[in-house]
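# I would like the atomic coordinates for the input below:
(one chain, ligands or ions: 1)
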Amino acid sequence: MKIMVINGSPKGSDSNTMRLTRAFLDGIGESEVREITVATSKIAGCKGCFCCWNKTPGKCVISDDMQYVIDSEVWADVIIWSFPLYYFSVPGGLKNLIDRQLPMNLPFMTDRTDGKGSGSHPSRFDMSQKRHIVISTCGFYSAEKNYDSVKLLFDHMCGENYDIIMCGQGELFRVPELKSRTDEYLDIVRRAGEEFANGKIKEETREELSQLLYPKEVFEKMADASWGISEDGEGKTDETLSFTRQMAALYNKAAYDGKERVVEIVYTDKGKTYQIVLGKEKSEVFEGNDLIPTTRIETPWEVWLSIARDEIRGDEALMKGLYKVTGDFDLMIRWDEFFGSLSGNKEKNKASVQTQEKKKPSMAVLLIPWIVFWIAVSVNGQTGTVITLFVCCTMPLLAFRRKMTIYDAVTFCVVGILSAAAQLSGYTEVFVILGYLGFGLMWLLSCLTREPLCAAYVKYNYNGEDALKNPIFMKANYILAAAWGILYVIISIVTFFLYKNHLQIVSTVINNAAPILMGVFTAWFERWYPASVAAGKVK
Ligand SMILES: Cc1cc2nc3c(=O)[nH]c(=O)nc-3n(C[C@H](O)[C@H](O)[C@H](O)COP(=O)(O)O)c2cc1C
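Numbering: from 1, shown residues only. So this is what the prediction gives:
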């Protein structure tokens with residue numbers, strides 16, 4: 001496919017719109033591309049002399065880059081018109097280029113039969129098979145109702161033969177801190193390119209392209225703050241203030257849970273402190289520290305910027321001690337919910353919620369066979385082993401709604417084998433002790449893998465697979481898995497000695513009390529450890 005791209009942005013290669021156009025070309029794939037950048041080309045305004053119609057037919061009296069444009073339009077199969085919306089129309093340079101297409105027409109009057117106007121001039125070239133695509137960004141929150149003139153212009157120029165992608169909030173494409181959201185949009189544009197190459201852009205894709213990048217009020221608050229000027233339009237505001245305001249604008253009020261939060265952010269190297277109040281209806285930024293903060297973040301300015309730009313993960317920076325958090329750490333865990341990429345794409349949000357709701361494993365599926373084994377076999381060796389075997393066989397069926405982990409599978413096999421061996425040999429006490437040892441070793445060995453046992457279950461409460469990239473989450477889980485492993489290895493040794501000395505009752509007390517205490521420790525540690533790392537108290 002031969003493609004001609006006309007980049008009509010006065011910003012040339014730095015154009016927001018060209019980011020969409022490049023994604024679209026990416027989607028089209030293998031093709032021959034000629035690109036003309038109006039801003040860096042010599043294309044003068046039309047003189048209106050009509051020489052290209054009478055004195056030098058098909059040739060303009062002005063000798064500049066326009067001849068190359070016309071040759072390329074004739075050469076191409078697809079013409080991409082890429083430009084920003086300027087005063088509800090095309091930028092001036094591009095309008096010059098459009099006017100200078102006059103030599104492409106013959107002067108004769110013909111009727112227009114498609115209802116687009118009262119008259120027409122026949123084309124000097126056969127342009128009937130050319131496909132045009134208009135790609136444009138604009139600065140308002142939505143493209144809706146701003147493109148009337150553009151659409152009319154292209155209706156006249158191309159008739160039915162063009163497609164259009166228009167996107168509001170265009171300036172966001174150059175904001176590194178919002179890349180995760182704008183990249184989502186560029187992915188849809190890429191898909192549109194792919195579909196265009198295969199015939200035409202699908203309706204669903206068109207629908208997705210028309211979704212807002214951010215909701216109107218979020219975008220407008222962010223856009224207003226981005227100029228970094230005071231409300232009277234005269235003075236400059238500090239860059240830290242305008243950045244903090246933009247961050248606050250991203251507040252997702254749906255995350256409000258009845259508790260008003262005050263996030264205090266201290267840019268340690270800039271000597272600036274701001275407080276963001278996260279309320280039921282909105283967020284508000286205040287300078288200074290007059291309110292009592294619920295969460296306090298102390299960070300060098302550059303570190304905070306790097307995190308916002310996804311150059312470094314927030315949790316990783318925290319682990320490395322690059323910034324500190326004190327107070328309510330829950331906000332940090334739920335950060336994405338409060339300030340994350342507020343996708344305007346509702347369908348996608350729905351889809352991601354559905355993905356989150358997909359099957360999750362349950363620790364109960366793992367624990368029940370072990371607990372049944374220890375209790376039932378201790379109470380009655382013969383019947384206990386049969387009950388345990390029954391549980392091991394039926395558990396996978398009963399838990400069909402749950403995702404099965406490798407540790408569930410190991411449990412069913414190991415507990416099943418231990419029960420069968422206890423049943424056949426009659427040495428139930430030996431196998432109960434081996435059970436404790438096996439359970440402990442399973443936890444310990446999981447520490448040698450990339451996903452310690454508890455992480456395989458708990459990660460679903462912390463963004464699923466993404467949690468495995470979170471060093472704080474991982475370290476906490478390795479520590480907990482090791483602690484549980486060591487506890488059960490110790491329990492197996494203690495039980496061995498207690499059984500040897502016929503102190504079964506003592507063993508029952510210890511074997512039940514120890515995991516309860518360990519459970520309490522786990523619940524406390526899960527909260528304490530991340531908060532202590534965040535406060536810089538623990539490495
Ligand atoms: C002179 C001028 C006029 C503009 N007129 C409009 C407009 O009428 N409507 C609109 O939504 N955005 C308008 N904008 C904003 C641009 O369309 C927007 O910033 C666009 O994303 C720039 O794209 P580019 O980087 O590809 O040039 C205007 C910008 C400038 C500089």
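
# how about the residues of the stretch 151-300 of the chain by the ligand?
Proximity of the stretch 151-300 of the chain to the ligand, by CB under 6 Å from any ligand atom, involves residues 170-171. Quick note: C-beta positions are derived from backbone N, CA and C, even for glycine.

# most proximal residue of the stretch 151-300 of the chain with respect to the ligand?
G170 (2.4 Å; CB to the nearest ligand atom).

# beta partners of the closest residue to that residue other than its chain neighbours?
Closest residue to G170 apart from its sequence neighbours, by CB to CB, 6 or more residues apart in numbering: T137 at 2.8 Å. Beta-bridge partners for T137, by DSSP bridges, are P84, C167.

# list the contacts for T137?
16-17, 20, 84-85, 166-170, 173 (CB atoms under 8 Å, 6 or more residues apart in numbering).

# and D466, by the same measure?
Neighbours of D466 in contact, by CB under 8 Å, 6+ apart: none.

# distance from the helix or strand containing E184 to the middle of the chain?
Here E184 sits within helix 179-197, counting by DSSP states H and E. How far helix 179-197 lies from its chain's middle: 14 Å, per CA atoms, centre = their mean, to the nearest Å.

# looking at it now, give me its mean pLDDT.
On average, the pLDDT along helix 179-197 is 96.

# which strands or helices does whichever helix or strand comes after it pack on?
Once helix 179-197 ends, the next helix or strand along the chain (criterion: DSSP H and E) is helix 203-209. Contacts defined by 3 or more CB pairs under 8 Å, 6 or more residues apart in numbering; DSSP states H and E place helix 203-209 against helix 179-197.

# buried ones in the helix holding E184?
179, 181-182, 184-186, 188-197 (16 or more other CB atoms under 10 Å).

# what does it rub up against?
Here helix 179-197 makes contact (CB under 8 Å, 6+ apart) with 1, 19-20, 23-29, 31, 133, 135, 163, 165, 167, 172-173, 175, 201-202, 205-206, 208-209, 213-214, 309-310, 341-343, 345, 348.

# likewise stretch 302-319?
With contact meaning CB under 8 Å, 6+ apart, stretch 302-319 is reached by 176-177, 179-180, 243, 247, 265, 267, 269, 297, 322-323, 325, 332, 335, 469-473, 475, 533-534.

# among those, which lie within strands?
Mapping the contacts of stretch 302-319 onto strands (DSSP state E) picks out 265, 267, 297, 325.

# separate out the buried members of the residues you listed.
265, 267, 297, 325.

# ok, and the closest non-adjacent residue to the third one?
For I297, ignoring the flanking residues on the chain, the nearest one in space by CB to CB, 6+ apart is I265 at 4.8 Å.

# check the last one too.
In space, V325 comes closest to A534 once its chain neighbours are excluded; the distance is 3.8 Å by CB to CB, 6+ apart.

# quick one: contacts for the one you found?
So A534 contacts 318, 324-326, 329, 332, 472 (CB under 8 Å, 6+ apart).

# need the max-distance pair from those residues.
Using CB to CB, the contacts of A534 span at most 15.2 Å, a distance reached by T326 and I472.

# these two: which has the busier surroundings?
Between T326 and I472, I472 has the larger neighbour count (other CB atoms under 10 Å), namely 22 against 16.

# list the contacts for that one?
So I472 contacts 315, 318-319, 529-530, 533-534 (CB under 8 Å, 6+ apart).

# one more time with 7 Å, if that's ok
Shown in contact with I472 (CB atoms under 7 Å, 6 or more residues apart in numbering): 315, 318-319, 530, 533.

# what number of residues lie near A255?
16.

# oh, that last question was meant for M404, not what I typed.
By the measure other CB under 10 Å, the count of residues near M404 is 16.

# check which helix or strand it maps to.
Using DSSP H and E, no helix or strand contains M404.

# what distance do you get for it to R450?
Going from M404 to R450 by CB to CB, to the nearest Å gives 18 Å.

# and if you look at D466?
For D466 relative to R450 (CB to CB), the value is 14 Å.

# what ranges does the stretch 1-150 of the chain have for its strands?
Along the stretch 1-150 of the chain, the segments classed as strands by DSSP state E, counting those that start in this stretch run 2-7, 32-37, 78-84, 131-137.

# okay, those in TSV with mean pLDDT and distance to the ligand next?
Formatted as TSV, the strands of the stretch 1-150 of the chain follow (pLDDT from 0 to 100; distance: least, CB to the nearest ligand atom, whole Å):
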stretch	mean pLDDT	distance to the ligand
strand 2-7	98	8
strand 32-37	98	11
strand 78-84	98	3
strand 131-137	98	4
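
# to V372, which of those lies closest?
For these, the distance to V372 is smallest for strand 131-137, at 62.3 Å, taking CB to CB.

# hey, C-alpha coordinates of the closest one in PDB?
This file holds the C-alpha atoms of strand 131-137, laid out as PDB (Å, rounded to 0.1, in the frame of the first residue of the first chain):
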ATOM      1  CA  ARG A 131      -8.900   6.500   0.200                       C
ATOM      2  CA  HIS A 132      -8.600   9.500   2.500                       C
ATOM      3  CA  ILE A 133      -8.300   9.400   6.200                       C
ATOM      4  CA  VAL A 134      -8.500  12.500   8.400                       C
ATOM      5  CA  ILE A 135      -6.800  12.200  11.800                       C
ATOM      6  CA  SER A 136      -7.100  15.200  14.100                       C
ATOM      7  CA  THR A 137      -6.800  16.200  17.700                       C
END
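
# got any ranges where the stretch 151-300 of the chain has weak pLDDT?
Judged by pLDDT under 70, the stretch 151-300 of the chain has no weakly predicted residues.

# where along it do the helices fall?
For the stretch 151-300 of the chain, applying DSSP state H, counting those that start in this stretch gives helices covering 179-197, 203-209, 216-226, 239-249.

# in the second one, which residues are buried?
Spelled out, it's helix 203-209. 205-206, 208-209.

# could you do the third one as well?
When neighbours are counted by 16+ other CB under 10 Å, the buried residues of helix 216-226 are found to be 218-219, 221-223, 225-226.

# what lies in contact with it?
141, 169, 213, 242, 245-246, 249-250, 342.

# which of the residues you listed has the most neighbours?
Neighbour counts for the contacts of helix 216-226 (other CB under 10 Å) peak at Q169, which has 29 neighbours.

# give me phi/psi at it?
Main-chain dihedrals, Q169, degrees, to the nearest 10: phi 60, psi 30.

# tell me which residues touch the residue lying closest to it once chain neighbours are set aside, please.
Spatial nearest neighbour of Q169, chain neighbours left out: L213 (4.5 Å); criterion: CB to CB, 6+ apart. Shown in contact with L213 (CB under 7 Å, 6+ apart): 169, 172, 181-182, 185, 219, 344.
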